[in-house]
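Participant: Fold the following for me, if possible:
(chains A and B)
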Number of protein chains: 2
Amino acid sequence: MSRAGATRPVGRRRGDPEATRAAILAAARRQFAEHGFDRATIRGIAADADVDPALTIHHFGSKRQLFVAAHALPIDPTDLLDRLAELPPSERGAALVRSYLGLTECDDSAALSLLRAAATNQDAARMLREFIGTAFLARADRLTDAPDAEVRVALVGAHLMGILYGRHVLRIEPLASSSVERLVALVGPTVQRYLDGAEIGS
Amino acid sequence: MSRAGATRPVGRRRGDPEATRAAILAAARRQFAEHGFDRATIRGIAADADVDPALTIHHFGSKRQLFVAAHALPIDPTDLLDRLAELPPSERGAALVRSYLGLTECDDSAALSLLRAAATNQDAARMLREFIGTAFLARADRLTDAPDAEVRVALVGAHLMGILYGRHVLRIEPLASSSVERLVALVGPTVQRYLDGAEIGS
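Facilitator: Okay, here's the model as predicted:
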């Protein structure tokens, strides 16, 4: 499969860093959509954009960071998890809800675009599933010590996605017009409970 | 706007009850999609189907019941709410999660079709918003005595929609393969907490 010794020339993009970045981002969107997050590669994206893989890494870092940039996500989820993990465990629920609602407040957030696309397109659903798996679920133990950390963090994600859907797709009242702080007060303890490991009878 | 004294003849559908039902259901889907749930009328649907409004009511009952039939929902939400309201308040959370997951277990449930359609179509989103408003939120006080019953029931709905999305659209693991009873144990107390009126500090 590999072409032994093949190194791509930087090629026609050499002179214009902005054009190079734009070409890499467009190639990344194509490659992620076609191959999903797991099977897309920096090498394949660079080839699609006609640039050197080292230049792609220079501009964007890891594959995950390139996904974040290509889909205009307002924050790298791993950075968000790192910030939450530094908080005392009892403060993470409210902080996560507040950050998430802040990042998805407008009606055309990047998260909403991905959610809409995945609802009707299987390739988009796979891409988003794989990205969520890498960026959140594989790091679930950073947020909680519960032995079933992954399903708990997945439920937190499902709740937050459902709130995004209710507020910005269906625009259900009084959910849509509730303030961020009102929702932090209501939903923060729910998220905290999932992270704390509470269950029936506890 | 009204045609004084106008009564529609039963017309060509008189002889075939199955054809009449099918024509009414098709007309209902068209009228709900075009006008939303609130502004669609039994009279308009009957006219679209070329039948008498009384015959439409005879076959399907209320506009809400006609919506349920036209979209092949497995249960009338009002019947579900009535059943939940008969339970002791402390049992409603788990019972609601169990019923909902049971009704949406397959990958092509009616609820999933509506959720997918609404994600990318504003008319479908309005129709679903208005139906949820009438069938659930206007009856929120049947499920909880909390003064802010509507936002609480809306959050329950958002959580359950998010789980449907996570399990059957994104197919996130380990959420997708978790058993109904495992999810009842995890999510039931969350729903119960919303219905009980608990909040930060309580």
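Participant: which sections of chain A are below the confidence cut-off?
Facilitator: Low-confidence segments of chain A (pLDDT under 70): A:1-14, A:198-202.
Participant: quick one, helices of chain A?
Facilitator: A:17-39, A:42-49, A:53-60, A:63-70, A:77-85, A:92-103, A:110-120, A:122-135, A:149-164, A:180-196 (DSSP state H).
Participant: how big is the angle separating the third one from helix A:63-70?
Facilitator: Which is helix A:53-60. 60 degrees (axes from the mean of the first three to the mean of the last three Cα atoms, to 10 degrees).
Participant: what's the answer for the second one, then?
Facilitator: Interaxial angle, helix A:42-49 versus helix A:63-70 (the same axes, to 10 degrees): 40 degrees.
Participant: Tabulate the CA atom coordinates of helix A:42-49 in PDB.
Facilitator: The C-alpha coordinates for helix A:42-49 follow below in PDB (Å, rounded to 0.1, in the frame of the first residue of the first chain):
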ATOM      1  CA  ILE A  42      -2.700  13.100   8.100                       C
ATOM      2  CA  ARG A  43      -0.800  11.600   5.100                       C
ATOM      3  CA  GLY A  44      -4.100  11.200   3.100                       C
ATOM      4  CA  ILE A  45      -5.200  14.700   3.900                       C
ATOM      5  CA  ALA A  46      -1.900  16.100   2.900                       C
ATOM      6  CA  ALA A  47      -1.900  14.200  -0.400                       C
ATOM      7  CA  ASP A  48      -5.500  15.400  -1.100                       C
ATOM      8  CA  ALA A  49      -4.300  19.000  -0.400                       C
END
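Participant: quick one, that helix and helix A:17-39 angle?
Facilitator: Here the directions of helix A:42-49 and helix A:17-39 differ by 130 degrees (the same axes, to 10 degrees).
Participant: List the contacts of residue A:102.
Facilitator: residue A:180 (Cβ atoms under 8 Å, 6 or more residues apart in numbering or on different chains). The way it works is simple: take the backbone N, C-alpha and C, and place the C-beta from them, glycine included.
Participant: That one and chain B: what is the separation?
Facilitator: Distance of residue A:102 to chain B, computed by Cβ to the nearest Cβ, to the nearest Å: 17 Å.
Participant: What is the neighbour count of the closest residue to chain B within chain A?
Facilitator: Taking Cβ to the nearest Cβ, chain B has its nearest neighbour within chain A at residue A:162, 2.5 Å off. Neighbours of residue A:162 under the rule other Cβ atoms under 10 Å in any protein chain shown: 24.
Participant: Might one say that it is in contact with residue B:156?
Facilitator: No. In this structure, residue A:162 is not within contact of residue B:156 by Cβ atoms under 8 Å, at 9.6 Å.
Participant: Surely residue A:28 and residue A:66 touch.
Facilitator: Yes. Between residue A:28 and residue A:66 there is a contact under Cβ under 8 Å: 5.2 Å.
Participant: Please enumerate the shared neighbours of those two.
Facilitator: Contacts common to residue A:28 and residue A:66, judged by Cβ under 8 Å, 6+ apart, are residue A:45.
Participant: hang on, the earlier thing: just the helices of chain A: most buried one?
Facilitator: Most buried of the helices of chain A by mean neighbour count (mean count of other Cβ atoms under 10 Å in any protein chain shown) is helix A:149-164; its value is a mean of 24.
Participant: count of residues packed around the closest residue in space to residue A:151 that isn't next to it in sequence?
Facilitator: What sits nearest to residue A:151 in space, not counting adjacent residues and going by Cβ to Cβ, 6 or more residues apart in numbering or on different chains, is residue B:174, at 4.8 Å. Neighbour count for residue B:174, taken as other Cβ under 10 Å: 13.
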